[in-house]
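In: I'll drop the sequence and a predicted model, then ask my questions.
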Amino acid sequence: MSDSRPIAFFGEVMLRLSPPGRELLLQTNALQIHVGGAEANVATGLACLGHAARMVSAVADNQLGHAVIRELRGRGVDTSTIAAEPGRLGLYFLQPGAGLRASEVVYDRAHSVFADRPAAAWDWDKALDGCQRLHLSGITPAIGPNSADAAIAAAEAAGARGIPVSFDGNYRARLWEAWDSDPRTVLTQLIGHADVLFGNHRDISLLLGTHFSGDGADRRREAAEAAFAAFPKLQLIASTARHVDDADSHRIAARVDTRAEGYQTPELLVAGIVDRLGAGDAFATGVLHGLLEGGDAQATAQAGLAMTALKHSLPGDASLFTRADLAAFTEGGMDVRR
Ligand SMILES: O=C(O)C(=O)C[C@H](O)[C@H](O)COP(=O)(O)O
């Protein structure tokens, strides 16, 4: 039996606006709307797999914010710790890639309710009450000084209560560059609280200022060992290796390193991609699911790979797959099930 206590997710929830097909953003006169936000995506993914997930956030007290809360609640996420306050909801525009044209994201989230909320306004006693884990990502501290302080306060509050923290690096250059930020110091501080880190050898290299000279899996193991040495609380590092052939076809392997062992799955061809956004969050969902089920490095990496592969087939940011979907994927056989 896995732990039934909720996992708390702290981060901004937004709306994503994107053209229906492969059109350019303003070539179209219609935009599709999806709820997005890295931490909310993982919360949704885990809720759909039957785990208790609690979203800690703040949205606009208007139709948009209320719709976001309704959507998350409808997907089984506990929304009782989402504040609705006067102000604006963060948005982002996605122009999906096609062929050799890459996808583009335009953020429109400055001065959102979440970004402008003072760090002292968050109630960590309520947010973390009864939780088994807190999940954070590198997006929250990138949003601006209030949310950087709030992310650190969240990690410290979890630490003070003995609640483990998982951290997804999710480096967003465009957010960090928009203000007078110091990503390395802030991210180092946050990862210092984490027992689970989602990040690859490049993220670790940037954090530690170390160059890892090996190749492939060896380089990832070398980077993981350096991170374990630098961050005493860290117990597990998970990453994907993604080769982009074109917008519709990627080859992906999943890797999990613990202090004792490293396991990397064979590369999986993910072709016919419908929507790549949220695939990293689906990977985190799978890895956390694997951990909650008591899996070892191999089982955890395989669950991460399965969830990320499935997400590429689904429009929208969040992974909505159930345990039955995961089992069907693992059994194989891609023809119609009837
Ligand atoms: O960029 C942000 O700030 C967001 O939170 C929007 C998206 O929901 C995530 O970025 C998806 O992240 P990936 O799973 O890495 O594709």
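Out: That came through fine.
In: When you work out contacts or count neighbours from here on, use the C-alpha atoms and nothing else.
Out: OK.
In: low pLDDT regions in the chain?
Out: Residue ranges of the chain with pLDDT under 70: 1, 333.
In: Just give me the residue closest to the centre of it.
Out: Residue closest to the average C-alpha location in the chain (C-alpha atoms, centre = their mean): residue 281, at 3.5 Å.
In: list the contacts for that residue?
Out: 38, 39, 41, 42, 308, 318 (C-alpha atoms under 8 Å, 6 or more residues apart in numbering).
In: run the last query once more with 10 Å
Out: When contacts are counted by C-alpha atoms under 10 Å, 6 or more residues apart in numbering, residue 281 touches 37-45, 137, 168, 170, 198, 287, 304, 307-308, 311, 317-319.
In: Check residue 112 too.
Out: The contact partners of residue 112, by C-alpha under 10 Å, 6+ apart, come to 12, 14, 58, 59, 60, 86, 87, 88, 89, 90, 91, 143.
In: how does it look with 6 Å?
Out: If you count contacts by C-alpha atoms under 6 Å, 6 or more residues apart in numbering, residue 112 has them with 88, 89, 90.
In: roughly how far out does stretch 168-177 sit from the chain middle?
Out: Relative to the centre of its chain, stretch 168-177 is centred 12 Å away, using C-alpha atoms, centre = their mean, to the nearest Å.
In: Convert that stretch to PDB, retaining C-alpha atoms only.
Out: Extracted in PDB, the C-alpha atoms of stretch 168-177 (Å, rounded to 0.1, in the frame of the first residue of the first chain):
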ATOM      1  CA  ASP A 168      12.400  19.700 -10.700                       C
ATOM      2  CA  GLY A 169      15.200  21.900 -12.100                       C
ATOM      3  CA  ASN A 170      13.000  23.200 -15.100                       C
ATOM      4  CA  TYR A 171      15.400  25.900 -16.000                       C
ATOM      5  CA  ARG A 172      13.400  28.800 -17.800                       C
ATOM      6  CA  ALA A 173      16.000  31.300 -19.100                       C
ATOM      7  CA  ARG A 174      13.400  33.700 -20.300                       C
ATOM      8  CA  LEU A 175      12.000  34.100 -16.700                       C
ATOM      9  CA  TRP A 176      15.300  34.400 -14.900                       C
ATOM     10  CA  GLU A 177      16.500  37.000 -17.500                       C
END
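In: residues making contact with it?
Out: With C-alpha under 6 Å, 6+ apart as the criterion, stretch 168-177 contacts 137, 138, 142, 143, 197, 198, 199.
In: Go through those and flag which are in strands.
Out: 137, 197, 198 (DSSP state E).
In: Now the stretch 101-250 of the chain against the ligand: closest residue?
Out: Closest to the ligand within the stretch 101-250 of the chain is residue 139: 5.7 Å, counting by C-alpha to the nearest ligand atom.
In: since we're on that residue, how many residues are nearby?
Out: 24 (other C-alpha atoms under 10 Å).
In: Check the gap between it and residue 305 for me.
Out: Residue 139 is 22 Å from residue 305, where distance means C-alpha to C-alpha, to the nearest Å.
In: distance between the ends of stretch 8-22?
Out: 35 Å.
In: quick one: buried residues of that stretch?
Out: Of all the residues in stretch 8-22, those buried under the rule 16 or more other C-alpha atoms under 10 Å are 8-20.
In: now do stretch 319-336
Out: By neighbour count with 16+ other C-alpha under 10 Å, stretch 319-336 contains the buried residues 319, 320, 321, 322, 326.
In: show me the contacts for the fourth one.
Out: Right, residue 322. Counting by C-alpha under 6 Å, 6+ apart, residue 322 makes contact with 48, 49.
In: about what we covered before: tell me the buried residues within the contacts of residue 281.
Out: By 16+ other C-alpha under 10 Å, these give 37-45, 137, 168, 170, 198, 287, 304, 307-308, 311, 317-319 as buried.
In: Which of the helices or strands spans residue 327?
Out: Element membership for residue 327 (DSSP states H and E) is helix 323-331.
In: Quick one: the strands in the stretch 1-150 of the chain, in order.
Out: For the stretch 1-150 of the chain, applying DSSP state E, counting those that start in this stretch gives strands covering 7-10, 14-18, 32-36, 53-60, 82-85, 91-95, 104-108, 133-137.
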